[in-house]
Each structure stands twice: as C-alpha cells, then as structure tokens.
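**Q** Fold the following for me, if possible:
(chains A and B)
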Number of protein chains: 2
Amino acid sequence: MSAPARNPSLTSAELSQVDALWRAANYLSVGQIYLMDNPLLRRPLRAEQVKPRLLGHWGTSPGLNFVYAHLNRAILAYELDMLFVTGPGHGGPALLANTWLEGSYSELCPEVSQDAEGMRQLFRQFSFPGGVPSHVAPQVPGSIHEGGELGYSLAHAFGAAFDNPDLVVACVVGDGEAETGPLAASWHGTTFLDPVRDGAVLPILHLNGYKIANPTVLSRIPAEDLDRLLRGHGYAPRYVEGHEPTAMHQAMASALDDVVGEIRRIQHMARSGQADEDRVRWPMIVLRSPKGWTGPSTVDGVQVEGTWRSHQVPLPAVRENPEHLAALERWLRSYRPEELFDEHGAPTGIVRALVPSGERRMGASPHAHGGLLRPLALPAAAGYAVDAPEPGVTSAEPTRVLGEYLREVFHRNPENFRLFGPDETASNRLGAVYEVTGKAWQAAIEPVDEHLSRHGRVLEVLSEHVCQGWLEGYLLTGRHGMFSCYEAFVHIVDSMLNQHVKWLKVHRTIPWRRPVASLNYLLTSHVWRQDHNGFSHQDPGFIDHVANKSAEVVRVYLPPDANTLLSVAEHCLASRDYVNVVVAGKNDTPNWLDAEQAALHCVRGASIWEWAGTSAGREPDIVLACAGDAPTLEVLAAASLLREHLPGLAVRVVNVVDLMRLQPESEHPHGLSDREFDALFTTDRPVIFAYHGYPWLIHRLAYRRHNHPNLHVRGYKEEGTTTTPFDMLVRNDMDRFQLVIDTIDRVPGLSTTAAELRQRMAESRQRHHTWIRTHGEDLPEIRDWTWRH
Amino acid sequence: MSAPARNPSLTSAELSQVDALWRAANYLSVGQIYLMDNPLLRRPLRAEQVKPRLLGHWGTSPGLNFVYAHLNRAILAYELDMLFVTGPGHGGPALLANTWLEGSYSELCPEVSQDAEGMRQLFRQFSFPGGVPSHVAPQVPGSIHEGGELGYSLAHAFGAAFDNPDLVVACVVGDGEAETGPLAASWHGTTFLDPVRDGAVLPILHLNGYKIANPTVLSRIPAEDLDRLLRGHGYAPRYVEGHEPTAMHQAMASALDDVVGEIRRIQHMARSGQADEDRVRWPMIVLRSPKGWTGPSTVDGVQVEGTWRSHQVPLPAVRENPEHLAALERWLRSYRPEELFDEHGAPTGIVRALVPSGERRMGASPHAHGGLLRPLALPAAAGYAVDAPEPGVTSAEPTRVLGEYLREVFHRNPENFRLFGPDETASNRLGAVYEVTGKAWQAAIEPVDEHLSRHGRVLEVLSEHVCQGWLEGYLLTGRHGMFSCYEAFVHIVDSMLNQHVKWLKVHRTIPWRRPVASLNYLLTSHVWRQDHNGFSHQDPGFIDHVANKSAEVVRVYLPPDANTLLSVAEHCLASRDYVNVVVAGKNDTPNWLDAEQAALHCVRGASIWEWAGTSAGREPDIVLACAGDAPTLEVLAAASLLREHLPGLAVRVVNVVDLMRLQPESEHPHGLSDREFDALFTTDRPVIFAYHGYPWLIHRLAYRRHNHPNLHVRGYKEEGTTTTPFDMLVRNDMDRFQLVIDTIDRVPGLSTTAAELRQRMAESRQRHHTWIRTHGEDLPEIRDWTWRH
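**A** This is a model prediction of the structure:
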C-alpha cells in the first residue's frame, strides 16, 4: 500500500517549489528551537547564539511542515477554503514557521516582520520567557486547537465543518493521539457529517511511528489491519509512505489531487441529489514518514531520526558540546537557507510560489479567528414563560419549557446553531426541538426511527468527548450551540473543559481573535433526581471543577424553576467568550417566579424572596438560603413549616441563581460587594444554606465574607443509591425537616414550642424511613406538598 | 454474515435446558422491575402487587440473560474459569436474576433465599428504598464493573485478564457504550495482552440497535464496515444474529464452541512456543438481537420490542391501566414460570442443568470478590533512601529514586504487580524498572526499540482512560499496581475516579467483598515544572476533585523530596481499599530529610521543621507552611532570607505531606484534632501557606480551624505559559520574594529593616522579570541557590 505508481502530479518546477517551502519551514522550525541570534547563518554559528534552555518538539515538525506545504499547493491549485487543525499541537514551531512564511503571522504580529530581524524575533520568542508558548496555542494564527492534551483534533475538525459547506478542514492526527479514546471515537464523525450542508473533513493520519518513548499502536499493527480499521470507520484511505523527498512529494501531491477530486465528487453528487450509495466513503490520507525527518540521523552514536529520540530536542548539548554545535549548524545548513531567504531575510520567490494569498492562507482563515460570528437571532425568553400568577401555584418541567424556547432558536437560526448531547436530548425533555429539525444521521434509517434526518442539526452520539469536541470546533469557528448532558457524566469532559477555558483565557487577550460564542452546558438529570439509576449517576462536582478555572471565563447558574431557566438561557446564548454552566431540573417543579420576576432575579443573581419568608420589614432571626431547584423546594417547605409552627420567627429566604455572586468582587467579576452580600446574608445571623452540590464549595466561595462563621451549608455528601427523591434529601441531611431542625439549633433563645417542633421534625424523618421501606415511595405529605401562602 | 449453517451444537435436551435457563432469567428480570408480591404468579396478578415506582432497564436484560445462559453451558462443557463483565451495567435485573438462579446470590445474601419467599424478596428489593440499586453495583455477586457511566468494560476486562493465565473474561460491550471514547480505545488491548502469561478476553459486542432514544452507530453502519473495524482491531468476529430463539441458541452455542476452541488453540500455540503469526487474532462474538427481546411487541399501538422504547420500563402504567396490567401478566406467563420453578419456588432441574457449581459459577468467582489478593512483598523504603546527612546538602530526582524502589517491587512480585502509564514511564524517570521487566507489546518489534517485550509488565498506551481501566480491573481482581501520569492530564480520568471511589465506598460495606489493593496515582511532571509545554500542561486540580470524594476512601500526599516519596509509596502500596494520590516531582530536588526523618514525618503527615525555622523554644511570629516540592523549596528559601535579614523574627516552618491532615478529624479519618492543628499552626499567628495547587483548597479544608482567619494561602492561580520554573512561581505570587513580602505585610510591629527588606524583595521580583526576558533563564541567584544553615 505504498504510493501508487502513476504520472507525477508535480511538474519539476512545482516539485522544487514545494520542496523549497518545506525546507524553509523545517529551517525555521529548527531555528526556533535553538537560535537566539544569527538567524540566517550569515556567520558561523557560535554557542552563545544558542538558547540557554532548549525547549520544543522537533519530532513531529517536519511532518507537519510537509503536510502544510502540500496543502498550500492544493489550495492554490483548486482554490480551496481550508482550515488546518494540528493534532500534534506540540509541534508549535511548524505552525509558527508556516504562518510566518505565508505572511499571515507578520500581518497579525507586526513586530515579527518578514525579514531577518523578524526571523530573529521569531526564533527568539519561541518558548522564551515573555515570548510564545511551545505549542499551537491561541497565539498561533489559523489555529482553533492547541492539542497539548491530545485526543480532540478530529472532533474539533468535524465541529468546524458542520454548517460550513464550502470549507475543507484538514486535520493532522498524530499516531500517538490516535491511541486516545476521544480520538478513537471521533472517527465516527462520518456518520454525522452531511455532505450537502456541511463541509468536508480531511483526516491526515500521520504515522511517524513513535510517541515520547514508545512505538505507536497504529504504526505497528499489520498494514492491512490499519486499512481495515479506517475503512471500517467509513474512510477510503490513500497512503503516502517513505522518506525520500522527491518520491514523497510526488506521492503526497498525487494523493491530495485524488482526495480533492473525491471530496468534490461526493459533494457534487449529494448536492445535486444524486447520492448513489448508502454510506459516503470520505477520502483520507495516511502519511507514514520518519519521526524527526531530515533531522540528525544519529547523535552520540545512537539513531535519532526515525525514532522516539527525536521527539523533543535531538541535539541536547549544543552550548556545551562543540560536536553538537557543529551538528546543529550542518543540520540547519542542510536546508540551504541561502536559497530560501533573500538578502533581507524574506522568503524567496521559490518559497513563495505555492503560498496562497489573502484569506486562503490557512493562517489567515477568518473561520479560525471568530471573524465570521453572526449573533444569534434570539427570541425573548419572556415569550416562552410559563404562567406563574402566584409563587408555587403552577408547575412545569423546566427543561421541557426550555425545549420550546430552543425550538424557536433553531427556527430563527437555521445555519449557525446546534444542540449536542450524548443521546439525552429526549431524556432531558428538550424534544420540542424536533418539531423544527432532526437528529443528524448518515447511516441506515429504518421505518421505526423518529426524527433522524440527513440534514438534522441536533447531534447525538454516546460520547461526551465527541459532543464537547464538536461543540468547541463549532464555536471557535464562529457559531453557537449548547451541550445538554447528565450532570454526573459531564465529568467525562473535565479535562476538555480545562483546555477550552485555558484557550479562552488566552484568546481574550489576543486582539486579532474576535469574541466567540460562549460554551453553554445544560446539566440536567441531576444528582437529586436519578430515580432510575442511583449512586453512579450522582455527582454535582462539575461545578467545583469549573469554579477552579479562570474567573474571567467561567459562570455557573442554578435556576430554581422554568422561568429563571429561560432567562438564564437567553443570557447565556447571547454571551461571548465564557463557559456557562447551567444546572436545571427536568422534573415537574413549582413555578416560583413569573417572567418579569425571573428576569429581575437573574439580573441580580441572588435576592431575597420576601414572599417566602416572614422577615419583611425587620431583621431576620435566620436566613434560609438556597441554590438549585431541589434545595429551593426544600427551603420553601422548611420556611413554610416554620411560618406555620413558629410564626414569631423572622425567616428570610435568599435564592442564589448566579453562584459566582458568592465570591468576593475581587475574585470574580460577578462577585457581590461585601455590602451587597451583607445586605442579603446579614453580618451576624445564622445562615442555613441548602446547596445543590458539595457543601464545602459554598464555604470555599464565601470564606472571606463577614458572616462566614455563621454559615451552615447542607448539600450532597456522597450519600446515594437508587431511591426516592425525598429519600435522597434525607440521606444527605438536606430535607425540610432537617432544615427546620438546623434552624432551631442555631437561633438562640427559642421557646419550648420550638423544642417540640424539633422533636416532631426528628420523628418525621424517622417516619419517612419506615414508610419508604414499606411503600416504596415517599410519604403522601411529601408527594402532595404544595407551597401555600 | 448471519450464523453459519452447520450441525447443531446443542442436543435437543441442551436446547431445552439453555432455553429454560434463559426464560427463567427473563422472568426474574421482569419480576424485579414490576412485582412487589405474587412472585410466582400462582394467583392472577393484581395492580397492588405491582411496585408504585417502576424503575429499571429492561431493554438490555434479555440479551445479557441470553449470553449468561450460554456462557454457563460453555463453562460446564469446557470447565472454564470465567469472569463476566457487564458493559450494559444498567441491566442490573439480569445479573441479579442469574446469580440468584445459580445460587451464588443466596449464599452471599441468605435473606434472599432460593425459594418463593426469596424470590419475592429478590423482586421487592430491586430499585426499592433500602434495597439494591438498579445497576450492576458492588452488591451484585461476580461483578467488578458497575457500568453506570459506560465506556470502561473492555478495559476492565483486559485488566482482569492480565497475569491470570487460566481465566477467560467474557465482556459484554453494549453498542451504546461502544460509541464512547474509552471503549473505542480499549479494543487495542490485543496489542498488550500476552497469550502466554495473561488470560483471554472474550468481547461480546451486543448490537441490540438502540441507546436511550437513538439507534447506535455500530448497528447501522454497513455490516462489512463493522467487520472491517473489528478485524482491524485484531479480532476474528463470529456473528450471532436473529431473534428466533431456537436458531439463536444453536448459533450462540456454536459460536461459543468455536471461540473456546480458538482461545485454547492460541494459548496452546503461544505457551508451547509455537506462535505462528505476527499478530494473534483473538476471537470475539457479535450478538445482534432485538432490544427488549421477548418483551411486549407493541404497547399502546406503537412498536416497543426491537426499539429504543424498550430501554427502561416497556409497560409504564401497570397500576393505573388494566390493559397494561394484563399485558404484563401475559408477558410474565409467556416464560412459563410453572416449568421453571418448583412448588417451593426454587429453580427446577431443567433450569439448573447447565448451571456450573462452586467457584465456576460466575457469581461466585473469587476473582471478583478480592478473594485472591496476596500482599505484595514490599522492600523497606529505607533501603532505597538517598543520603541526606543534613537538610538540603544533597539532591536527587525523587521519581528516579522511586523507580529504583519499584524495580525491586517488580523483582519481588513477578506475578501480581504492574505499572501503568500513558507513554510516560521514562519521561517520569521511572526507567529503572526496565532492568527487571519490559513494556508489554504484541505488535511488531524493530531493532531500534528498547525494552519492548512480549511478556513485559509495564503497560504503556497513550490513553489515560485505558490505563485507568486496566488498573481498576487488575486491582479489583486482587492484584496491585500504580498509575504514573502527568498531573494535568490525569483529569482525563476524573469521571473514572468518581466511579471507582463510589465502587470502593460501597464495596467496603459488603462483607463478602474482601479488601483490595488501593489505586495508587503517581502524579508527576507537575504544574510547576512544565518547562517544555506550558499552560495546557498546568493543572493541579485533580487534588480538588479527589478531595470532594468520600473521605473514607481518598488520601492525598505531597512528599517534598525523594525520601518522603519513598516512604509514602511504601505506605500506599501496602494499603487497601483507598485511592491514594501522590504528587511528586521528577526534577532534581534537595533532600530535606534522611530515611528515618522522612518515615517519621510521613507518619505524622504534617510537622514542624525546627531546623528550617528560627522559632525553636518560642512562639513563632509567623508560620510558613508548605505542601508540595516546589512550595517547600520556596518556603525554605524565604525562611533563609528572613533568617539572614530579620534574624529577630521567630519563623516556624511547617511541612504538610498528608494533605487530609488539614481537615477536621470529624470530616476525614486523617484529620488532625484541633489541638494538634493548633499546635502546628497556632491559634493567632499569621500563617503563610505555600501550596502546590489551587490555593482555595487549603481554605476549604481548614475553614473550621481556629486560626483560619489568619491563614493566607499562595498557590497556582491559572497563570502560566512556556517559561522558566521560577517565573512560574513569580507569575503565581508564590516565589520566595513574595513570601517574604507576605510575611512582612502580616507580622505587626516590624522594624524599618523589614520595610527595607520588603523593598529589596519587590526589586528582586522586578529584576527577575527583566533578566529572564533577556537571558531566557532564571537569575543566577535562583539557579544556584542552595539551602544553608
């Protein structure tokens, strides 16, 4: 399965040009890793011109440069609109080299000009304090993908291609990355990519054979097994294998000619209604080339090129060891820089010949820099509000109401909004969206199926990783979306969230990166309502995880009912450059606020619900605070019990919908000032805080507040199983009876009536235990409870 | 690719027996979901005999029952030692049914006896408050895998098979689960499984076609693509497809006969030195059967059997709707319970005929219950200690020293210890282990390769998911291991950690589950030393994640040097039923403590380092606390500056190695009493705490301590890039200069000397900034700093 014997694709001029471009990028890659000065080697190389700390990854760079050069040729030849996703994102030098060569880098970063001084700066800044990172970070033009963690390139590529019919997303997948789970699952993107309305993804599996210290699985299994694997995933692979540059250039050019032709054929057939097969077989390329290709063959007597030893810095002791220094100079000069850069240090004509211009340059793609973002046409949340004439009189399933809102969002934005989920859209009760769009599906459709569609724009695959990766790719190329997920299992993408927040944090500081839509999580089927599943499905810790991330990026909302969820959703969908985490219930919940009250409450983020308490016009004896739908219900039930049985007690109910309000304003942009916080929570009264998640998060957010010593938090403390909703509350000591007990225990000087009430509450908890074990459901007084004024 | 036409594998008697066993398990599965009473249907079914809350998952259950029945036949026929891993772990009713039928359940849970009353109890307890969960939780005999989250079954199966040469691990992989990343990556386990020293994994891919609300990818891609995919992963699949029971029984029996024969052939060839091919092609089974097979075909006029609608409870309104009630009774009676259970309710002879006995029953496998655990032969850590005649005089790379210790652990335990890592064993400097074992590798080996071995017991694959899954499977079947991982990327397995901790928490409460070895993480290449990589590789939040989990299970250690790392490692490797997180550096670090001091410090978990401070014999003016290697170095450097420039200041240095010591003793078993805490940290002096990770974690752990108001924590606050180690500290305000400034700012009544020192420190920070941007490395005074007495 080596490159097919056929007429050369490249003329000899083109061959020289593509080779020059490749050599130039290789030269610049090595220069970045090693040189502080003498960038053009106009003088003999001296040790002090070499960086004191040699950092970076050479091994993957020549392969990336090879691909980039050939893609440039194809862009020119076929007038392609192409985005480059760098799976081996640690190959930062390669992308920096190529964007500098094509001029996009210097346009965006004028201090790194396309001349000798600019080249010196390009080299010096790389992995240098105050310079640019060693990876394909947001600082690199044309990138939407850092790849430091490995695993997400192909999902990002598919995300970028959705709803971008004219775009080809070239995605280099490293053979190390290919061992990860998220990447392995991402190959199935072909089952979801619509050849009519979406663009193309061109995977280029780069088998350079080694990871940090090991061979890779895909490079060492039999070649026919690799071929089966890729065909099984729905691809038609072309192989480009070898190391001799001329043959490899011809093979790669020929493969790309084939691939572009095949993509155009597939798209033409599909778009003209002539789809002729059940399954589109997208082309892809397998590039098998040596790791560290064109670098030092051996160093200190051991083989380096073509092995894992070329992964980072092949010549490690250049400043100390004259032989290494000489080898470095030979290596650099082997690219013949005098042919590649003119007297001013700018790329020569032969290097520029195959470089596209303007926005066709991959480093200047407007897709990559948020430049194509169009705001969503958002309906007003109030138009979808449920009727709430008085608090708690009506009820609704919040996510079902949100589904109706999202239906309209889809309707108004048929080209730049998508919903992503791991087979949970219906389970999470967002099914109304299917009235206006379907679920993307390119595999077989059977008569019994519902809502599957070749052009559907709800994406459901049972992989949180793939959902997240798709959404990130979709957002970073200027579109909008939402990820709906079971709360417990969103932890599956903890590490992807880390990387996306890091990306956004840096992205926000780069002037040529325009704001992108926020990544919106809807976490439902949450910890308190896993009636069918139990302990394995109970985990509210994603909020804690998010709260650790950069405050300028993360937001957490806990809307207590349908109308607040609508208001939060509208706000989040309109926002930019954030990660918004919205935790909301799907089960029937009383409507506490009407549309107007909900909007006001959400703007405030936290407020006193006067109607729920008994402290109007006076200082409270106790503050009952709540965040989350289940805690809110319990706090209101507790307030109700207290009002009935201890009418003299001044109870204040505070609801928190925007969790970051609890942090000091110095720590988070949403943080309340101390004055505002004290106005809600007092400075000296006991506060019982019923919280949706792990209770200590509230302490971690509020530990600097004046009244922190009086703060007592109830929440989930890892007690759970398959049981009733109320039993979950009892097991975690957040039930209404316990909240009343907590109140009585903390308010000083209460009467004997209070002591009797406390006793009755303890008995109620006991009664609950007995009842559920006999009847298998909650006490009637719990099931039938409604808020009464 | 339907079942091959061949002579029937089953005699007619066997056919009747396996069908009876299957029907019995199906009957019991339905009974668990629906019935409170009348378990044998001796009387007509009445609505009040049905549970008020119908919870559970029917859809996958009949397929699991089918597989289990046939595996029983094969176990009997071939005297197999077999473990059953249930990928569709939400099919709890199936496993409970089968273990009850085989008698293992009643032996372990005598209150659920093998008679009518026991059956009533079996039904009633399922998903019932106070009963058993709906999933294959630790309460289910024979299970090592809950599967609630989906994705880890196949990795668990491989983990169980390693070093278990006589075991066959049957692993049902659901076609929903197969879409996840971790499962997709796990197929490659064949590249690591040694047919000589390991057992066999038998994947049974169950294509029932649907997830919660969608078809599955693998059931809808063309059959030839599925076949290519599985063959590409190195398997030789057999297909069992259909729905007619007799044909399906014959096909499944025939497939299992083939598969067992092939496993034995492969093992015989390999073990007799006759391996005849480059790649072993392990057999597997693809079972394509209807979802909800044998359940109601239609309900309320829509198709249910064979669709996603059978996923949970096919007849949802049995108590309210007489038609549903009648349909349920018809459904239950369709299994002909009168043939399956005798007058006492015990399984009849025909049901028992194919059930193995004793430990061959999959629900009684000692592999599953920790019964085969042998303690590690552990060398004494002190024997590997580095020389530390005085604090800070010598230095070592802690993980390299640990590598020498682990080499001896491998040497002494050649059959029940393994090291797992995502291609980072060498990078993390544990390479000494290769002197006694190699890296497992069953693919091609080339001359340039180092340490690859067909029988190696270091497992390296670039998938943290697979590493974690393998290790979990290995531990839960009674062996020992360690997972070495870059600190930032261990977040990839956050959700797997959640599930494992949940498993352990419940496992510890089940008397017939014996203790298993702890899951030990070695997190290195940590946040402070990502010199090559930068921001994407900087995340210390796994500790926060772990700290949220059940206190009885989790432990976190931050050894500051080589000898403390050794002591911690010895302790962790000997421990049981915990998750131990050890964060340690790989870079050259001063040795602060000798072996004896290290052991004592680790037992204490936190102690005053008198030699490092100036407060011996008096109350401190300031406490400088530290946890982690980089913070410890900075605190000692700060203490050194203070001693030199403010000799009158009484500085106490406290080092914390066991982080959970900071929690109150009521919250964590390792928590210090308030008296002990106060003795270290005082009740009223300022405490500057330099911490390895996110600073607020220290507040969250210590917020109830008396001296919390005086606690000021420095740590990582998401400021990072590719830069020098010291610059990382400066960017996060945890450098020695800042710690001195913090001290001066917090100790009242200091002299003008202090004010001058403060000014000099601020200047040093400024000098640092200028220097690194010019020289690309840290100030000489930082690089050359050593601790001096």
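**Q** Strands of the stretch 101-250 of chain A, start to end?
**A** A:167-174, A:200-207, A:235-241 (DSSP state E, counting those that start in this stretch).
**Q** now those in TSV, with mean pLDDT, distance to chain B and mean neighbour count?
**A** Placement of C-beta: from N, CA and C, glycine included. Compiled in TSV, the strands of the stretch 101-250 of chain A are given as follows (pLDDT from 0 to 100; distance: least, Cβ to the nearest Cβ, whole Å; neighbours: other Cβ atoms under 10 Å in any protein chain shown):
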stretch	mean pLDDT	distance to chain B	mean neighbour count
strand A:167-174	98	9	27
strand A:200-207	98	13	27
strand A:235-241	98	10	21
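**Q** Throw those strands into TSV and include distance to B:Gly358, thanks.
**A** As requested, the strands of the stretch 101-250 of chain A are arranged in TSV below (distance: least, Cβ to Cβ, whole Å):
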stretch	distance to B:Gly358
strand A:167-174	49
strand A:200-207	49
strand A:235-241	49
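**Q** Relative to B:Ala253, which of those is closest?
**A** Between B:Ala253 and the strands of the stretch 101-250 of chain A, the shortest gap by Cβ to Cβ is with strand A:235-241, which sits at 36.4 Å.
**Q** which residues are contacting that closest one?
**A** Outside strand A:235-241, the residues within contact range by Cβ atoms under 8 Å, 6 or more residues apart in numbering or on different chains are A:1-3, A:187, A:190, A:203, A:205, A:227, A:230-231, A:248, A:251-252, A:255, A:258-259, A:262, A:281-289.
**Q** Mark which of the residues you listed are buried, thanks.
**A** A:3, A:187, A:190, A:203, A:205, A:227, A:230-231, A:248, A:251-252, A:255, A:258-259, A:262, A:282-289 (16 or more other Cβ atoms under 10 Å in any protein chain shown).
**Q** I'd like to know which of those residues are part of helices.
**A** Secondary structure from DSSP state H places A:227, A:230-231, A:248, A:251-252, A:255, A:258-259, A:262 of those in helices.
**Q** Which one of those is nearest to A:Leu340?
**A** Distances from these to A:Leu340 were compared by Cβ to Cβ; the smallest belongs to A:Met248, at 18.8 Å.
**Q** gap between that closest one and A:His70?
**A** Distance of A:Met248 to A:His70, computed by Cβ to Cβ, to the nearest Å: 10 Å.
**Q** And for A:Thr753?
**A** Between A:Thr753 and A:His70 the computed distance is 84 Å (Cβ to Cβ).
**Q** how much space between the nearest residue to A:Asp494 once chain neighbours are set aside and A:Arg360?
**A** Spatial nearest neighbour of A:Asp494, excluding adjacent residues (Cβ to Cβ, 6 or more residues apart in numbering or on different chains): B:Asp494 at 4.1 Å. Separation of B:Asp494 from A:Arg360 (Cβ to Cβ) stands at 41 Å.
**Q** now do A:Phe66
**A** Taken as Cβ to Cβ, the spacing of A:Phe66 relative to A:Arg360 amounts to 20 Å.
**Q** swap in A:Ala155?
**A** From A:Ala155 over to A:Arg360 the distance is 25 Å, taken as Cβ to Cβ.
**Q** Which one's more surrounded, those two?
**A** Comparing A:Ala155 with A:Arg360 by neighbour count (other Cβ atoms under 10 Å in any protein chain shown), the higher total belongs to A:Ala155, at 31 against 17.
**Q** Do you know the pLDDT at the nearest residue to that one once chain neighbours are set aside?
**A** On the basis of Cβ to Cβ, 6+ apart, the spatially nearest residue to A:Ala155 that is not a chain neighbour turns out to be A:Gly469, at 2.4 Å. The score at A:Gly469 is 98. That number is its pLDDT.
**Q** secondary structure element for A:Gly469?
**A** With elements delineated by DSSP states H and E, A:Gly469 resides in helix A:464-476, which encompasses its position.
**Q** Over to A:Arg513?
**A** Assigned by DSSP H and E, A:Arg513 belongs to no helix or strand.
**Q** Pretty sure it sits against A:His369.
**A** Yes: contact status for A:Arg513 versus A:His369: in contact at 5.2 Å, counting by Cβ atoms under 8 Å.
**Q** can you pull the contacts of the closest residue to chain B within the stretch 301-450 of chain A?
**A** The stretch 301-450 of chain A approaches chain B most closely through A:Ala443 (3.7 Å), counting by Cβ to the nearest Cβ. Contact criterion Cβ under 8 Å, 6+ apart gives A:191, A:278-279, B:215, B:217, B:220-221 as the residues in contact with A:Ala443.
**Q** Reduced to three states, what does the residue in the stretch 401-550 of chain A positioned nearest to chain B come out as?
**A** Distances from the stretch 401-550 of chain A to chain B, computed as Cβ to the nearest Cβ, single out A:Ser536 as the nearest residue at 2.9 Å. State at A:Ser536, reduced to three classes by DSSP: H, G, I helix; E, B strand; the rest coil: helix.
**Q** That one and A:Arg53, how far apart?
**A** A:Ser536 sits at a distance of 46 Å from A:Arg53 (criterion: Cβ to Cβ).
**Q** of these two, who's got more company?
**A** In this view A:Ser536 and A:Arg53 are compared by other Cβ under 10 Å, and A:Ser536 has more residues nearby, 29 against 19.
**Q** From what I see, A:Pro391 and A:Leu593 are in contact.
**A** Yes: applying Cβ under 8 Å as the test, A:Pro391 and A:Leu593 come out as touching, 7.1 Å apart.
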